[in-house]
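Peer 1: Kindly return the folded structure for what I paste below:
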Amino acid sequence: MLPRFMQGLKESNPGTVVQWSTTPIGDSNVHTFKRVFWAFKPCIEGFEHCWPVLTIDGTHLYGKFKGTILTAMSIDANNQIFPVAFAIVEYENNESWSWFMACIRLFVTKRSGLCVISDRHAGIMNAMSEVGSGWEEPHAFHRICIRHLASNVNTRYKNVKNMFGSTAMQFQEKKFDIGFARLGEMDRDAQHYVADVGIEKWSICHDGGHRYGILTTNLAEAFNNVLKGARFLPITALVQCIFFTVNAYFVERREEARKRLLQGQHYSSKITHLLEENCKKGAYHKVVSFDHVGGLYQVTTRRGSRNVSRGSHLHTVDLSKRTCTCNKFQTYKYPCSHVYAVCKKMKLNASQFVEISYTTREHLASYASKFQPLKDEAYWGHYNGPRIVCDELKRRGKGSMEVNPEVLTQQETHRSKAIWDGNDKGSLRWASLRIGWLTENFSGLPEQANEQVLHQYVRAYLLILMATLMFPDKSGNDIQVVYLPLLRDLNAIDDFSWGSAVLVTLYLTGPENPPLIQGPYPLGSQHQLRVDSLGRRWLSVHRRRPQGTTITTLLGYRDALDNMRPDQFVWQPYPQVIFSFLPEACYNDSGEWSVVSPMICFDIVEWHLPNRVARQFGWKQNIPEPADTEPKLHKMDKRGVHSRNWADYHSAYLAMWFRRYQFRFLGVEDNSDMGYNDPYMVWYRDRTRRFISPTFQQAYQAPLGATAYLAHGFAEVHRTCNTEIQAMPQEVPPHYRNIMSNIRDNTSQSLEHVGYSHLLQQFHQPTQETQVEEQHEDRGDGSTMQESTAEDDETLQVFRRRSRRINTSMSPINEQGTPEPSKAKKIWSRLRGKKKT
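Peer 2: Numbers count the residues shown, from 1 in each chain. A predicted model of the protein is given here:
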């Protein structure tokens, strides 16, 4: 119905532009609807007489199918909204906004110097900065809606919204600087945040006069509110509603402009009122001429008739440059009160300083072109284009539904309720799809499968890989269907940053057990879908249960990491030879490895901070600056908000992602080993947990021998003493520092003697390594702690001799002359007591 209506619209109103974006289905003449753009001919012609300003916005449709309507509005000579163009798209994203803006540039206007005002949606930011689009500066100027930015500021930083709004609306740089400084005093991070957006994009006084004083996108949103009831209608009915609404605007405003022109009114009604107000204020000002020929004057304001005006301000007016230091003259493009005062004193006609776009003639010209009535449907011409059908994936549904295996084909057969006429109860649970249903229905590729069926099985296979390896669900049985639309165009899959999405998911969820899929695998795959990552392979080598079964739990990881020796850990960049064994796609975007940017996967947002792992890139690791990882983001998930548009919700982070190459971390190349006393290692030991789990509470760990048991205790004493020595203030008596140093040195010598010095140098390989092989792990003879060997007994004698030396230096004398047990002595006593037990 919609294609025929659009054709009838174009026949009745020649010059109306309609552009389609559809997806062909196979070799047939049937296409799936994706987007449609239209602009009425009267709007195209009338926009040439409006202000060079566009406000763009999008709003959701509430009909049977999901969708978004994008609108572009301008302002006429009477400061009223002027509809320019419309589009119905799948949702707001980079592609839809770029397509919409490209259609405006190609089919609506070629005007240079246009100012586009919008919110900070990532799609809009990308479209406006795209090189060659015609929307980059100086062809156009992008400005941000102050209300939307203030809302973003309020979300991130509390109690600064009003100060930001007041600062943004200051016309004079002096007042702006004062407000901006106060904003920094209230919250320095908020000040940096708005500064990073670009001051010229939201500050009136730094705007350059491009936005004509328009602060927000309220004009576009006002028109969206006019259509609020119509957004429940089918698309064809919605287009009809817009057609008749815009026609009503033209008829009413055309008559209003014609009447004013006949009455001899030179300017539109609203502008006339503003000019009269400025003229009245200018009557109270005092003017001093400095250059009559050059048009340079000084104006001193007086109190005037309004109680709120304080007067006694000095402003400089330069008529040759059309400027005033109040900045309202440059912003609004019509005389301010100071210019009126100069014109009155110098007997000048102030109307020469009013821009032509405010005149009644321009107002009438905006609405001069007329809409033509639509013909009856019986008189519409024959439609020869493809048959366009709705995308059933956009159909709104409720609750748990049954799914037909053809759900992955995304073809035109999915109309009405046929898509839900399956036999598998509960295959689709709200926003998740059962993995078992996928494997059952796509277990093997049929013989002589055509391209359509092949694409269907590829999508199923990719969904299973996502469910079991890339984005495993905690239940182990489901995959969220939110990923399915990303697989619509298999040729465009590499447009998404899958690596960052997997990494950000791993950051949030940590290692989990992927479900083991039973039965046949899609596309005749020969490998198990439960593919062990390199981390799992490493784990299986280092830690095993007594029965020999591999430990693949989080506790197993912790144990293995806690018991690593220095020779088992190499903190160096990947050698170049590794890349020769990897597909090219794995390192094509290696430039992103060093960017400081948020990584986003729908609801999940995590920061990528390469400066904290500089050694991974072969760079010197310096002490990193404190980083705000925004813990509030970690509490966010999709529960209860399945309909949320995450692109809108995370628009600020998306904007950072699209500008990620501007924030790359570049270090100094350094592949040398880091010493134990390297500044970073000292900083690291002071702030980190050396062991993930407490030493004596590690799960899945074979019983420790007496040597290892005491060695870990000595290492803890050494670490405690070293920390206390570093934290001692200067006024502490020297003998206290000497006592702690003796304890630290004795524990260090003891550990070196028995071959456990690596416990003190977890991140530095010793120069003289004397390591004794531990007998407590996989001894093979089944010996336990109670079955200590002769070697253990000999080592215990060493610990006893060292302990006597420690005890002699562990009782510092207080002011009363009595021994005072130290923290180290208490620790040592506890360890000795545990050994006896």
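Peer 1: In the stretch 51-200 of the chain, what residue spans correspond to helices?
Peer 2: Here the stretch 51-200 of the chain has its helices, by DSSP state H, counting those that start in this stretch, at 94-107, 122-129, 146-156, 161-168, 173-186, 188-197, 199-202.
Peer 1: Does Ser750 touch Phe714 like I think?
Peer 2: Yes: when contacts are counted by Cβ atoms under 8 Å, Ser750 is listed as touching Phe714 (5.7 Å). All C-beta atoms are positioned from the backbone trio N, CA, C, and that covers glycine.
Peer 1: elements contacting the longest helix seen in the chain?
Peer 2: In the chain, assigned by DSSP state H, the helix with the most residues is helix 235-262. Applying 3 or more Cβ pairs under 8 Å, 6 or more residues apart in numbering; DSSP states H and E, one finds that helix 235-262 contacts helix 2-12, helix 41-47, strand 81-89, helix 360-366.
Peer 1: Tell me which residues of stretch 613-630 come out buried.
Peer 2: Within stretch 613-630, the residues that count as buried by 16 or more other Cβ atoms under 10 Å are 614-615, 617, 619, 621.
Peer 1: does the residue nearest in space to the middle of the chain count as helix, strand or coil?
Peer 2: The C-alpha lying nearest the average C-alpha coordinate of the chain belongs to Tyr653 (Cα atoms, centre = their mean; 2.4 Å). Under DSSP: H, G, I helix; E, B strand; the rest coil, Tyr653 falls in the helix class.
Peer 1: for His206, same thing?
Peer 2: Under the three-state scheme (three-state DSSP), His206 adopts coil.
Peer 1: and the nearest residue to it once chain neighbours are set aside, what is it in contact with?
Peer 2: Nearest residue to His206, sequence neighbours excluded (Cβ to Cβ, 6 or more residues apart in numbering): Glu200, at 4.6 Å. Going by Cβ atoms under 8 Å, 6 or more residues apart in numbering, Glu200 touches 206-208.
Peer 1: swap in Ala365?
Peer 2: Ala365 is in contact with 46, 49, counting by Cβ under 8 Å, 6+ apart.
Peer 1: again, but for Thr109
Peer 2: Thr109 makes contact with 44, 47-48, 84 under the criterion Cβ under 8 Å, 6+ apart.
Peer 1: Which two among those are spaced furthest apart?
Peer 2: Pairwise distances across these peak at 10.6 Å for Glu48 and Val84 (criterion: Cβ to Cβ).
Peer 1: of those two, who's got more company?
Peer 2: Each of Glu48 and Val84 has its neighbours counted (other Cβ atoms under 10 Å); Val84 has more, 24 against 14.
Peer 1: For the spatially closest residue to that one that is not a sequence neighbour, give the beta-bridge partners.
Peer 2: Nearest residue to Val84 in three dimensions, chain neighbours excluded: Ala72, at 4.5 Å (Cβ to Cβ, 6+ apart). Counting by DSSP bridges, Ala72 forms beta bridges with Ile56, Ala85.
Peer 1: now Ala72: how far from Val641?
Peer 2: 29 Å (Cβ to Cβ, to the nearest Å).
Peer 1: quick one, which of the two is more surrounded?
Peer 2: Using other Cβ under 10 Å, the more surrounded residue of Ala72 and Val641 is Ala72, with 27 against 12.
Peer 1: still on that earlier bit, and the contacts of Glu200, which are buried?
Peer 2: By 16+ other Cβ under 10 Å, the contacts of Glu200 give Asp207 as buried.
Peer 1: Go through the helices of the stretch 51-200 of the chain and name the closest to Leu215.
Peer 2: Closest among the helices of the stretch 51-200 of the chain, once you apply Cβ to Cβ, is helix 146-156, at 4.7 Å.
Peer 1: who does the closest one touch, helix- and strand-wise?
Peer 2: Contact partners of helix 146-156 among helices and strands, from 3+ Cβ pairs under 8 Å, 6+ apart: helix 161-168, helix 188-197, helix 651-658.
Peer 1: in it, what's buried?
Peer 2: Buried residues in helix 146-156, counting neighbours by 16+ other Cβ under 10 Å, are found at 146-150, 152-154.
Peer 1: and those as TSV, adding distance to Lys370?
Peer 2: As requested, the buried residues of helix 146-156 are exported to TSV (distance: Cβ to Cβ, whole Å):
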residue	distance to Lys370
Ile146	36
Arg147	35
His148	36
Leu149	39
Ala150	41
Asn152	42
Val153	45
Asn154	45
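Peer 1: Could you point out which of the residues you listed is nearest to Asn450?
Peer 2: Among the buried residues of helix 146-156, and counting by Cβ to Cβ, the member closest to Asn450 is His148, at 47.7 Å.
Peer 1: picking that back up, tabulate the helices of the stretch 51-200 of the chain in CSV, adding columns for mean pLDDT and distance to His266.
Peer 2: Formatted as CSV, the helices of the stretch 51-200 of the chain follow (pLDDT from 0 to 100; distance: least, Cβ to Cβ, whole Å):
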stretch, mean pLDDT, distance to His266
helix 94-107, 94, 31
helix 122-129, 90, 36
helix 146-156, 88, 32
helix 161-168, 91, 33
helix 173-186, 92, 33
helix 188-197, 92, 40
helix 199-202, 92, 33
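Peer 1: highest average neighbour count across the ones you listed?
Peer 2: Across the helices of the stretch 51-200 of the chain, averaging neighbours per residue (mean count of other Cβ atoms under 10 Å) puts helix 122-129 on top, at a mean of 22.
Peer 1: Residue ranges in the stretch 601-750 of the chain under the pLDDT threshold?
Peer 2: Within the stretch 601-750 of the chain, the ranges that satisfy pLDDT under 70 run 640, 642-643, 689-707, 709.
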